[in-house]
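[1] Structure for the following, please:
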Amino acid sequence: MILAIDIGNTSISLSIFSANKIVKSKTHNTKLIKKSSNATQIFLENFISKFSIKGVIISSVVPELDKIFRLKIKKILSISPIFVSDFKKKLKIKTLIKNKKEIGSDRLVNVIYSLNLFKPPILIVDFGTATTIDYLNKNSIYEGGIIAPGIDLSLKSLFEYTSKLPLIKFKKTKSLIGNNTKNAINSGFYWGYVSLINGLIKRIKKEKKIKPKIVLTGGNCFYFKGLIEDVCLIDRFFIVKGLNYIYNYKIINE
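    Numbering: from 1, shown residues only. You can find the predicted model right below:
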């Protein structure tokens, strides 16, 4: 069994794979893990108990947690985890990005895995801490992407930098015009992000003269089912599935 871990700025997602299928998954708040290395060990031990893990692969955009996870996984499983950042250069992906060090491990995993599933051109929309769109052209070259503020991060900022606006829980809504403050905020974010993503995709299609396959992923992806044009896949487990794919690819090709 393979343990795939995605360490993000807001949350940490873990999935255990058996024969390339997820048999267990869990998400934990990154802030809580940052507070205590002991919390990390307890969290990992509780998650993987009763499973025979033979390998661990990690994508991380939180460098301060990398050492902790290396040590704790080694202590619990007697396995040295594979970090995507450790072998970025070995992954066969052509890119137009000038400084490859700038490519986040999470975005790199999404790009590589999408090529395993679809014929390019491909657009991957990830609704995470940041909302990102990554573009692979028809020649399988990763040209780069777009980064915008994420939904939850923006909601929190609106709350923290205003005196009277409440922090709301993001949800789907049919109504465009809100009849109270909470509904008005939710409508602004929900329909605002629908318009943002559709607008950016439309511009990319026009500029690049393409008809791409479009993937939606990230924690908030299912809120937008049926509202983003030309979507061929919605999968919030896309990155951990990509990690499992890369682990098997790396092991096979070593």
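
[2] For the helix or strand hosting I246, name the packing helices and strands.
    For I246, the element it lies in under DSSP states H and E is helix 238-253. Contacts defined by 3 or more Cβ pairs under 8 Å, 6 or more residues apart in numbering; DSSP states H and E place helix 238-253 against strand 2-7, strand 11-18, strand 21-29, strand 55-60, helix 105-117, strand 213-217. C-beta: built from backbone N, CA, C; applies to glycine.

[3] In CSV, list those along with distance to N244, mean pLDDT and mean neighbour count.
    Shown next, in CSV, are the helices and strands packed on helix 238-253 (distance: least, Cβ to Cβ, whole Å; pLDDT from 0 to 100; neighbours: other Cβ atoms under 10 Å):
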stretch, distance to N244, mean pLDDT, mean neighbour count
strand 2-7, 5, 96, 24
strand 11-18, 5, 95, 20
strand 21-29, 8, 93, 13
strand 55-60, 7, 96, 23
helix 105-117, 9, 94, 21
strand 213-217, 14, 98, 23
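
[4] Using JSON lines, lay out these together with distance to S175.
    Below are the helices and strands packed on helix 238-253 laid out as JSON lines (distance: least, Cβ to Cβ, whole Å):
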{"stretch": "strand 2-7", "distance to S175": "34"}
{"stretch": "strand 11-18", "distance to S175": "29"}
{"stretch": "strand 21-29", "distance to S175": "29"}
{"stretch": "strand 55-60", "distance to S175": "37"}
{"stretch": "helix 105-117", "distance to S175": "33"}
{"stretch": "strand 213-217", "distance to S175": "23"}
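
[5] how distant is the helix holding I246 from the center of its chain?
    15 Å (Cα atoms, centre = their mean, to the nearest Å).

[6] Mind listing what's buried along it?
    238-247, 250 (16 or more other Cβ atoms under 10 Å).

[7] re earlier: quick one, which of the helices and strands packed on helix 238-253 gets closest to N186.
    strand 213-217 (19.5 Å; Cβ to Cβ).

[8] and the angle for that closest one with helix 238-253?
    110 degrees (axes from the mean of the first three to the mean of the last three Cα atoms, to 10 degrees).

[9] From the chain's centroid, how far away is the host helix or strand of I42?
    Assigned by DSSP H and E, I42 belongs to helix 37-48. In terms of Cα atoms, centre = their mean, the centre of helix 37-48 is set 22 Å apart from its chain centre.
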